[in-house]
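Participant: Could you look at this predicted model? Sequence included:
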Amino acid sequence: MARPIIDKTDNTLTELHNPADWPEKTKITEIREPWINATIFSPDNYLGSILKLCIEKRGVQKDINFAGNRVVVNFLLPLNEVIFDFHDRIKS
C-alpha cells in the first residue's frame, strides 16, 4: 500500500508505516501522499450522496457532466481514503 512520505527539515525523507513514526511538527517541511483521479458514473438521483461522500473523503471536485439521466463526476481523492471503505459506502 502507498504510504505518506514526510520531507523533514534535515533534508531526509521518511515513509510512514505507523502513526508512532510521525516526527515532531517542527521537523516537518512537507507531507506527501498518493492521490487518484476518480471518475464515477451514476444515475443523477444519487449525485448529492456521491458529492457528500467524496467531500467527506477529502476529495477535490474537478468536473461534473450530465448525459440524460446519468452523471459523470471527476474527483481527486487521497488513495488512502478510497482504499479504506469508499467502495462499500458508494454502493450503499
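Facilitator: That came through, no problem. Numbering: from 1, shown residues only.

Participant: I'd like to know how far I28 sits from W22.
Facilitator: 9 Å (C-beta to C-beta, to the nearest Å). Just so you know, the C-beta spots here come from the backbone N, C-alpha and C atoms, and that holds for glycine as well.

Participant: Show me the common contact partners of the two, please.
Facilitator: Common contacts of I28 and W22 (C-beta atoms under 8 Å, 6 or more residues apart in numbering): I6.

Participant: Look up phi and psi at the residue nearest the centre of the chain.
Facilitator: The centre of the chain sits closest to P78, judged by C-alpha atoms, centre = their mean, with a distance of 2.0 Å. When read as degrees, to the nearest 10, the backbone of P78 gives phi -60, psi 130.

Participant: biggest helix in this protein by residues?
Facilitator: helix 47-56 (DSSP state H).

Participant: Give me the contacts around that helix.
Facilitator: Counting by C-beta under 8 Å, 6+ apart, A38, I40, S42, Q61, I64, V71, V73, F75, L77, F86, R89, I90 sit against helix 47-56.
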